[in-house]
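[1] How does the following fold in three dimensions:
(one chain, ligands or ions: 1)
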Amino acid sequence: MSYGSDNPWPPRDLLDAHLGFGTRCIHAGQPAEPVTGAVMVPIYQTSTYVQDGVGGHRGYEYARTGNPTRTALETCLASLEGGKHGICFASGCAATTTAIHLLQPGDHVVSSDDVYGGTWRIFQTVFQPLGIEFSFVDMTDLEATRAALRPGKTKMLWVETPTNPLLKIVDIEACAALAHEVDAWCFVDNTFATPCFQNPLALGADAVLHSTTKYLGGHSDVVGGAILSNDDEIAGNLFRLQNSIGATPGPQDCFLTMRGVKTLHLRMAAHERGARAVAEFLSGHEEVDRVIYPGLSSHPQYEVARRQMSGFGGMVSFELRGDLARAERFVSSTRVMTLAESLGGVESLIELPAAMTHASVPKATREAIGIADGLIRVSVGVEEPDDLCADLKQAFERSR
Ligand code: P1T
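    So this is what the prediction gives:
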């Protein structure tokens, strides 16, 4: 099966399943370029490709349809998720939007309630008015998830795990089984865990989505998205939609993402080390009401996390004692951690979801989900853990 362009280079076939994860981060999809021997996949900064005669192209016709730098990234990410097919997009939201275009008016989606605010906004304000229905449920409650299914109408389960920002852990294997009982697809947003710590396809998911803006890019310098799948029908339709809708990434962005991915395995280990230190520091603090980190045995789904993840990730959320003003002062008081949206970069970022990343979710909905106004989310970077804990300590003092 060929998609868009029947490109000769770089090859899409994956011959690397025997290689370890870290080796694939560096090499998957990226053989040396055959003309010059360039070790790094070049940035093919072109919008179109010469044809030797009408229709006689060399695998690439037009850069929305295909670009060799993008092909390499798509192949690399597919390899990391254990998928046959990789399809890249201009952003995580572009990937989500394109995925929902697989559905028709009248179809129904059951989604995790605690999803990224922008995902919620796409579902509620873009697709709901076009006739696709969404039910939001706490997917840690499998009975509630089952009850939300409408056999014959439900075509997709949209699972985000760990969730953003409450870091709930959803049982992927159980949700994929529920989806398949009603002949629906199970899509998993794996942005927070990354393929380094969680492989949804191996747990039965039909497709995996990433905001590559986050850990995969890893350096807060590029926006992108990807969907990986083993299902020929899903992938064929996504390639068609990728070309038709056209929310594709440019070659420079693909290059930066691929360069970031080369150190994914190293960075994730450091993110996790820092996150554990921060979570333990906060757990012992008298001014903190609740610390949420999947790697703490106090986490409600700790056992599920241990079963389906090989690491607990770099995200920590917590509730500070005191009012919203105190929380605002706190996130403005850190000196090493930067007050900013986004996550997954080498630098630590701190934010208030209710006022920032999840401001597009109405307050009543946020409260029903459990996102308190004073909830603070930290994307723990790869700085020295001691410096991060010292930074939080001085922020407690400065924000009192
Ligand atoms: O920002 P973009 O690349 O379009 O990705 C959207 C997206 C999708 N899925 C998850 C789980 C996400 O966290 C995001 C983006 N999130 C943020 C910008 C944030 O700060 O939470």
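
[2] need the strands for this structure, in chain order.
    Ranges of strands in the chain, per DSSP state E, are 85-89, 108-112, 133-137, 154-160, 185-189, 207-211, 225-229, 288-292, 315-320, 338-339, 349-351, 375-379.

[3] so which of the ones you listed comes closest to Q242?
    Closest approach to Q242 among these is made by strand 85-89 (5.3 Å; CB to CB). The way it works is simple: take the backbone N, C-alpha and C, and place the C-beta from them, glycine included.

[4] pLDDT (mean, whole number) over that closest one?
    Across strand 85-89, the average pLDDT comes to 98.

[5] same deal with stretch 183-200?
    Averaged across stretch 183-200, pLDDT comes to 98.

[6] near the ligand at all, that stretch?
    Yes. Legend: contact between stretch 183-200 and the ligand by CB under 6 Å from any ligand atom is shown at D189, T191.

[7] any chance of the strands of the chain in a markdown table, with mean neighbour count too?
    Below are the strands of the chain laid out as a markdown table (neighbours: other CB atoms under 10 Å):
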| stretch | mean neighbour count |
| --- | --- |
| strand 85-89 | 28 |
| strand 108-112 | 25 |
| strand 133-137 | 18 |
| strand 154-160 | 24 |
| strand 185-189 | 26 |
| strand 207-211 | 29 |
| strand 225-229 | 28 |
| strand 288-292 | 17 |
| strand 315-320 | 24 |
| strand 338-339 | 16 |
| strand 349-351 | 22 |
| strand 375-379 | 25 |
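
[8] could these be laid out in TSV, adding distance to L392?
    Compiled in TSV, those are given as follows (distance: least, CB to CB, whole Å):
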stretch	distance to L392
strand 85-89	35
strand 108-112	29
strand 133-137	32
strand 154-160	26
strand 185-189	28
strand 207-211	26
strand 225-229	31
strand 288-292	10
strand 315-320	10
strand 338-339	13
strand 349-351	9
strand 375-379	8
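
[9] between the ones you listed, which gets nearest to R12?
    Closest among these, using CB to CB: strand 85-89, at 8.4 Å.

[10] Convert the C-alpha atoms of that closest one to PDB, please.
    What follows is strand 85-89, C-alpha atoms only, in PDB (Å, rounded to 0.1, in the frame of the first residue of the first chain):
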ATOM      1  CA  HIS A  85       2.300   3.600   9.900                       C
ATOM      2  CA  GLY A  86       3.300   7.200  11.000                       C
ATOM      3  CA  ILE A  87       1.500  10.300   9.900                       C
ATOM      4  CA  CYS A  88       2.700  13.700  11.100                       C
ATOM      5  CA  PHE A  89       0.800  17.000  11.500                       C
END
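
[11] how close does the residue nearest to D107 when sequence neighbours are not counted get to I234?
    Nearest residue to D107, sequence neighbours excluded (CB to CB, 6 or more residues apart in numbering): K155, at 4.3 Å. From K155 across to I234, the span is 12 Å (CB to CB, to the nearest Å).

[12] Check E287 too.
    In terms of CB to CB, E287 sits 47 Å off from I234.

[13] These two: who's more crowded?
    Counted by other CB atoms under 10 Å, E287 and I234 do not tie: I234 has more neighbours, with 19 against 13.

[14] Which residues does the nearest residue in space to the more buried one that is not next to it in sequence form beta bridges with?
    By the measure of CB to CB, 6+ apart, the closest residue to I234 outside its immediate chain neighbours is A207, 5.5 Å from it. Beta bridges link A207 to F187, S229, judged by DSSP bridges.

[15] correct me, but A207 touches A179?
    No. If you go by CB atoms under 8 Å, A207 and A179 don't touch, sitting 11.1 Å apart.

[16] which other helices and strands contact the longest helix seen in the chain?
    The helix that spans the most residues within the chain, counting by DSSP state H, is helix 264-283. The contact analysis (3 or more CB pairs under 8 Å, 6 or more residues apart in numbering; DSSP states H and E) places helix 264-283 against helix 21-27, helix 194-197, strand 288-292, strand 315-320, helix 385-398.

[17] Contacts for the first one, please.
    With CB atoms under 8 Å, 6 or more residues apart in numbering as the test, helix 21-27 has contacts from 16, 19, 76, 79-80, 195-196, 261-266.

[18] that older thread, intersection of neighbour lists for K155 and I234?
    Residues touching both K155 and I234 (CB under 8 Å, 6+ apart): W185.

[19] Not counting sequence-adjacent ones, nearest residue to the closest residue to the ligand within the stretch 1-150 of the chain?
    Nearest to the ligand, among the residues of the stretch 1-150 of the chain, is G92, at 2.3 Å (CB to the nearest ligand atom). Leaving aside its sequence neighbours, G92 sits nearest to S211 (CB to CB, 6+ apart; 2.7 Å).

[20] Surely that neighbour and G225 touch.
    Yes. The criterion here is CB under 8 Å, and S211 meets it with G225 at 5.6 Å.

[21] which residues are in contact with both of the two?
    Here S211 and G225 have S91, G92, C93, A95 as joint contacts, going by CB under 8 Å, 6+ apart.

[22] So which of those residues belong to helices?
    G92, C93, A95.

[23] Closest one to D138 out of those, please.
    G92 (22.3 Å).

[24] The closest one: neighbour count?
    23.

[25] One more: L167?
    23.

[26] before we move on, what about the one 3 residues further on?
    Residue crowding around V170 was assessed by other CB under 10 Å; the count is 24.

[27] Quick one, grab the pLDDT at it.
    Looking at V170, its pLDDT stands at 98.

[28] Please report the distance of it from V188.
    Noted for V170: a distance of 8 Å to V188, by CB to CB.

[29] where do the contact lists of those two overlap?
    Joint contacts of V170 and V188 (CB under 8 Å, 6+ apart) are V159, E160, T161.
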